[in-house]
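In: okay, here's the prediction I keep looking at, along with the sequence it came from:
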Amino acid sequence: VQVAQHMLHLFGLDCESATSGREALEKLRHRHFGLVLMDCFMPGMDGLEASKRMRADKNLSAIPIIMMTAFGKERERRQAEEIGVEAFLIKPVKMSLLFDSIVEVCSRAELQINAAPAAETPAPRFSGQRILLVEDNAVNQKLAKILLQRAGLAVEVAENGLVALYAVGKEPFAAVLMDL
């Protein structure tokens, strides 16, 4: 849980954790969440059962779920698919895979992602700075642009290195963020 929370904070996302499926459902009923990262095997009510209950609850059924597990594999994956879980990841989860999964799931659901608290945003000296984001994946472009704009940056997107070179030659940028 702590590793996943740390990664989510690094992505600029606000998150809460629960130690059981029952606790997760309770939190979901009292506060709006745009996405659930669910561990498959938790004490008491496991993630599969909690996900089933989410899908059966009209107030929770539309929230996307990314399920993670370190143990079960194919059987649990099939069960998760039957329940309607949007993504299934095997631990240990690489940061890039988690990021890509969140971007894909959120873009499919066209969610409003909660940004991290203001105390964790970049220093105001970057506010309004123009940066060039070079990213070929449209889903990653969308999420990265949203997060960077929420940090107060003006973002221009280039879909490849050639387009980026043209953009940099045409006008100055405070920084260029490029996917390798």
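Out: The structure has been received and is ready for your questions. Computed from a prediction, not measured in an experiment: that's the story for all the values here.
In: residue 90 and residue 73 touch, don't they?
Out: Yes. Residue 90 is within contact range of residue 73, at 6.7 Å (criterion: C-beta atoms under 8 Å). Where you see a C-beta, it was placed from the backbone N, CA and C, and this is true even at glycine.
In: what about the two, which has more around it?
Out: Ranked by neighbour count (other C-beta atoms under 10 Å), residue 90 and residue 73 place residue 90 first, with 15 against 12.
In: who does that one form a beta bridge with?
Out: Beta-bridge partners for residue 90, by DSSP bridges, are residue 69.
In: how far away is it from residue 101?
Out: Residue 90 is 11 Å from residue 101, where distance means C-beta to C-beta, to the nearest Å.
In: kindly report the same for residue 135.
Out: In terms of C-beta to C-beta, residue 135 sits 16 Å off from residue 101.
In: buried stuff in the longest helix along the chain?
Out: When the chain is parsed with DSSP state H, its longest helix is helix 95-109. Across helix 95-109, burial judged by 16 or more other C-beta atoms under 10 Å covers 98, 99, 100, 101, 102, 103, 104, 105, 106.
In: got it, and stretch 155-175?
Out: Buried residues in stretch 155-175, counted by 16+ other C-beta under 10 Å: 155, 157, 158, 164, 167, 173.
In: quick one: low-confidence ranges for this protein?
Out: Applying pLDDT under 70 to the chain flags residues 1, 72, 109-126, 180.
In: which residues touch the most centrally placed residue in it?
Out: Note on the chain: the residue nearest the mean C-alpha position is residue 102, at 3.3 Å, using C-alpha atoms, centre = their mean. Residues near residue 102 by C-beta atoms under 8 Å, 6 or more residues apart in numbering: 11, 13, 35, 66, 143.
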